[in-house]
Structure formats: structure tokens, C-alpha cells
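Student: Sequence first, predicted model second:
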Amino acid sequence: DLEKVQRGAGGRYYNIPEKIAERIGVIARTRRVASCLRTTIGADETGRPILEWHFDEQVLAAEAAADGWYALITSRPVERSGPE
């Protein structure tokens with residue numbers, strides 16, 4: 001999806017930076033990559049908008065390290081908690 005926007009930047013549908021940013025927001029939300037997606041919208045020498053993007057490797061590594069972990073809430077007293 002991001003490559004499609006990148007190729008179309010400055011074209012018919014993504015002719016202004018605001019439209020590019022709007023589409024990136026939709027992609028980031030639907031693909032659930034907002035926390036690790038880094039984008040830059042600039043312009044080339046002719047003024048045509050261009051898009052550069054990458055995924056933040058540090059954020060991906062931190063998320064991968066916590067993958068599969070989750071918290072449980074219980075009413076069990078602290079004295080009775082622990083691995084059993």
C-alpha cells in the first residue's frame with residue numbers, strides 16, 4: 001500500500017502533501033503499524049511531492065520482544081499468588 005502511494009505521489013490522486021498524509025494515516029491505522037512507521041513528505045526540484053518511508057527497527061524489536069506477553073488481572077490475594 002505504501003509503495004503504491006509512493007509511486008503515485010505527485011500524480012492524479014496524490015497531487016498534494018495533504019492527500020498523501022491522509023492516505024498514510026489510513027494505511028497506518030488499518031495495518032496497525034502507526035507506532036513503527038516513519039514517513040517524510042517532501043518535494044523534488046520541480047515541486048512535485050515525494051514520499052519516503054521506513055519502519056523503525058528499534059520499535060519493531062521492542063514489540064517483538066514483548067510479543068506473546070499479556071497481563072492478567074485477578075482477585076487472588078498476594079499471599080496466594082505465584083506459580084502453582
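Tutor: It's in. Numbers count the residues shown, from 1 in each chain.
Student: Show me where the chain has its strands.
Tutor: Per DSSP state E, the chain carries strands over the ranges 37-43, 49-55.
Student: where in the chain is pLDDT low?
Tutor: Scanning the chain for pLDDT under 70 picks out 84.
Student: His24 against Thr40, yeah?
Tutor: Just so we're on the same page, residue 24 is Ile rather than His. No - contact criterion Cβ atoms under 8 Å: Ile24 and Thr40 do not qualify, at 10.5 Å. C-beta: built from backbone N, CA, C; applies to glycine.
Student: ok so, going back, out of the strands of the chain, which one sits most buried?
Tutor: Mean neighbour count (mean count of other Cβ atoms under 10 Å) peaks for strand 49-55 among the strands of the chain, with a mean of 15.
Student: Against which helices or strands is that strand packed?
Tutor: With contacts taken as 3 or more Cβ pairs under 8 Å, 6 or more residues apart in numbering; DSSP states H and E, strand 49-55 sits against helix 2-8, helix 17-31, strand 37-43.
Student: quick one on the thing from earlier: can you list residues touching both of Ile24 and Thr40?
Tutor: Here Ile24 and Thr40 share the contacting residues 51, 53, scored by Cβ atoms under 8 Å, 6 or more residues apart in numbering.
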